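Chemist: No letters, just coordinates:
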């Protein structure tokens, strides 16, 4: 959603002749694409600790 909004905002700025804002928002769009779609690596879930019994072991 964020990436789409940034790309559309960039397009609007360029269509209105605002080159400075177009470049600025274009750079933010490229950063969002790079971060969210190219280099994103979700964290692996931590393994749950092994359950130990509440009773002490037999001697």
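Modeler: Received the coordinates, thanks. In this text, all values refer to a predicted model and were calculated from it rather than measured experimentally. Numbers count the residues shown, from 1 in each chain.
Chemist: Any regions of this structure where pLDDT drops low?
Modeler: Counting by pLDDT under 70, the chain has low-confidence residues at 48-59.
Chemist: Not counting its neighbours along the chain, what's nearest the residue nearest to the spatial centre of it?
Modeler: Per CA atoms, centre = their mean, the C-alpha nearest to the average position across the chain is that of residue 36, at 3.9 Å. What sits nearest to residue 36 in space, not counting adjacent residues and going by CB to CB, 6 or more residues apart in numbering, is residue 3, at 6.1 Å. All C-beta spots, glycine's among them, are computed from the backbone N, C-alpha and C.
Chemist: quick one: the residue nearest to the centre of the chain and residue 1 touch, right?
Modeler: No. Between residue 36 and residue 1 there is no contact under CB atoms under 8 Å: 10.1 Å.
Chemist: So the residue nearest to the centre of the chain: helix, strand or coil?
Modeler: Assigned with DSSP: H, G, I helix; E, B strand; the rest coil, residue 36 falls in the helix class.
Chemist: Just give me the neighbour total for residue 15.
Modeler: 9 (other CB atoms under 10 Å).
Chemist: same check, this time on residue 1
Modeler: Residue 1, neighbours per other CB under 10 Å, totals 5.
Chemist: same thing with residue 25?
Modeler: There are 21 residues near residue 25, going by other CB under 10 Å.
Chemist: do residue 11 as well
Modeler: Other residues near residue 11 come to 14 when the count uses other CB under 10 Å.
Chemist: can you check residue 20 too?
Modeler: Neighbour count of residue 20, defined by other CB under 10 Å: 8.
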